[in-house]
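Engineer: this one's structure only:
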Ligand code: FAD
């Protein structure tokens, strides 16, 4: 069943992984009894795999998705970007995915590599990519697109961003996967606004589990400009690792205890946030698994996501 068909029937539940850089990392993710095998036991509807800027990790991305496809436990979804890709290159790569039985994609502009001002490719925005894929491949792909409840960091206004999201729908997208957003009032505002703008696509909400202090701050502020609510800031402040959570050798005497306390509070925060999202009338929860099992499995179970199936 395609992910689009699942959304027609019920809410979906999925994971996101990334292609590891090393062979050891690949074995941990894709080896027998590895993280993917463990994630399957939770019966996700799909697992998506990220795609590096400029296609730097295309080989590993395909290897991961190939395993998911061959294992047949859930739908493999590839992320795909315009960065550094010509139209010919896009056609070739997408045909390769199809040849491997991978027919679901998240169509993105892509994060611009440091110092770049544009995509450096033939296509400049996700709207163009969606249009191109529909022109070249018809309905062979189920296409997801990104939505930014707080507005994309480069958008000139939230209204402009919503107009471009509508364009993604008009060009043939099938569903929306959202960018990280902890500001629930903003999310509710955005959900009402996109519906008012005539965007009826299912909304699959991206959730980053709050497990690590540095990673949480980094994810919010290095690219996305996410609002951090007071309750989340409190968890960070109460467990602050001195001098700061980014240094390799902190002088804080309680590092391990603080890490554990942060994680415990972060997991609870994440579960509560999933509850809030589900009460908003969304269509799916997409958990960034961060190539880990135990913590995301605990969150998925405690949040009741396993009962969606
Ligand atoms: P677009 O929708 O093209 O928007 C980019 C900016 O341009 C926005 O500010 C928008 O308002 C503006 N815009 C859009 N269309 C037009 C237009 N026609 N004219 C003028 N302005 C326009 N990145 C990766 O590199 N690899 C990944 O695997 C990856 N996975 C992701 C997964 C999810 C769920 C999400 C939400 C994001 C992911 N990203 C990934 C990040 C994403 O690539 C970045 O957020 C990127 O900066 C924007 O991509 P987009 O598809 O939202 O861009």
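Structural biologist: Alright, I've got the coordinates. Small disclaimer: the values here were computed from a predicted structure and weren't measured.

Engineer: get me the contact residues on the protein for the ligand.
Structural biologist: Within the chain, the positions near the ligand by CB under 6 Å from any ligand atom are 50-51, 53, 79, 81, 106, 108-111, 125-127, 146, 152, 154-155, 160-161, 164, 177, 179, 206. The C-beta positions use only the backbone N, C-alpha and C, and glycine is treated the same way.

Engineer: the strand or helix carrying residue 299: which residues count as buried?
Structural biologist: Assessed by DSSP states H and E, residue 299 sits inside helix 294-302. Of the residues in helix 294-302, 295-297, 299-300 count as buried by neighbour count, 16 or more other CB atoms under 10 Å.

Engineer: ditto for stretch 163-179
Structural biologist: Neighbour counts over stretch 163-179 (16+ other CB under 10 Å) mark 164-169, 171-179 as buried.

Engineer: do stretch 202-216 as well
Structural biologist: Judged by neighbour count (16+ other CB under 10 Å), stretch 202-216 contains these buried residues: 202-213, 216.

Engineer: now do the contacts for residue 285.
Structural biologist: Listed by CB atoms under 8 Å, 6 or more residues apart in numbering, the contact partners of residue 285 are 11-14, 204-205, 207, 274, 277-278, 303, 305.

Engineer: what about it, helix or strand, and which?
Structural biologist: strand 284-288.

Engineer: that older thread, restricted to helices, list the contacts of residue 285.
Structural biologist: Counted as lying in helices by DSSP state H, out of the contacts of residue 285, are 274, 277-278.

Engineer: now the nearest residue to residue 10 once chain neighbours are set aside: how far from residue 57?
Structural biologist: With sequence-adjacent residues excluded and distances taken as CB to CB, 6 or more residues apart in numbering, residue 10 is closest to residue 308, at 6.3 Å. Residue 308 is 30 Å from residue 57, where distance means CB to CB, to the nearest Å.

Engineer: now residue 187
Structural biologist: As judged by CB to CB, residue 187 and residue 57 stand 30 Å apart.

Engineer: follow-up on the earlier one: taking the buried residues of stretch 202-216 together, which two end up most distant?
Structural biologist: Farthest pair in the buried residues of stretch 202-216 (CB to CB) is 202 and 213. Separation: 32.8 Å.

Engineer: what about the strands in the stretch 201-309 of the chain?
Structural biologist: 203-207, 284-288 (DSSP state E, counting those that start in this stretch).

Engineer: counting contacts, what elements does the first one pack onto?
Structural biologist: Spelled out, that is strand 203-207. Taking 3 or more CB pairs under 8 Å, 6 or more residues apart in numbering; DSSP states H and E as the contact definition, the neighbouring helices and strands of strand 203-207 are strand 12-17, strand 175-178, helix 255-278, strand 284-288.

Engineer: report the central residue of the protein.
Structural biologist: The centroid of the chain falls nearest to residue 206 when counting by CA atoms, centre = their mean (5.3 Å).

Engineer: that one touches residue 286, doesn't it?
Structural biologist: Yes - using CB atoms under 8 Å, residue 206 makes contact with residue 286 at a distance of 5.0 Å.

Engineer: identify the contacts common to those two.
Structural biologist: 16, 177.

Engineer: ok, the residue nearest to the centre of the chain - contacts?
Structural biologist: Per CB under 8 Å, 6+ apart, neighbours of residue 206: 16, 177-180, 286, 288.

Engineer: one more pass at 7 Å, please.
Structural biologist: Residues in contact with residue 206, defined by CB atoms under 7 Å, 6 or more residues apart in numbering, are 177-180, 286, 288.

Engineer: out of those, flag the one nearest to residue 237.
Structural biologist: Using CB to CB, residue 180 comes nearest to residue 237 of the contacts of residue 206, at 20.0 Å.

Engineer: how many neighbouring residues does that closest one have?
Structural biologist: Neighbour count of residue 180, defined by other CB atoms under 10 Å: 18.

Engineer: same check, this time on residue 74
Structural biologist: What residue 74 shows, counting by other CB under 10 Å, is a neighbour count of 21.

Engineer: related to what we said a few turns ago, how about a markdown table for the helices and strands packed on strand 203-207, with mean pLDDT added?
Structural biologist: Output for the helices and strands packed on strand 203-207, formatted as a markdown table (pLDDT from 0 to 100):
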| stretch | mean pLDDT |
| --- | --- |
| strand 12-17 | 98 |
| strand 175-178 | 98 |
| helix 255-278 | 98 |
| strand 284-288 | 98 |
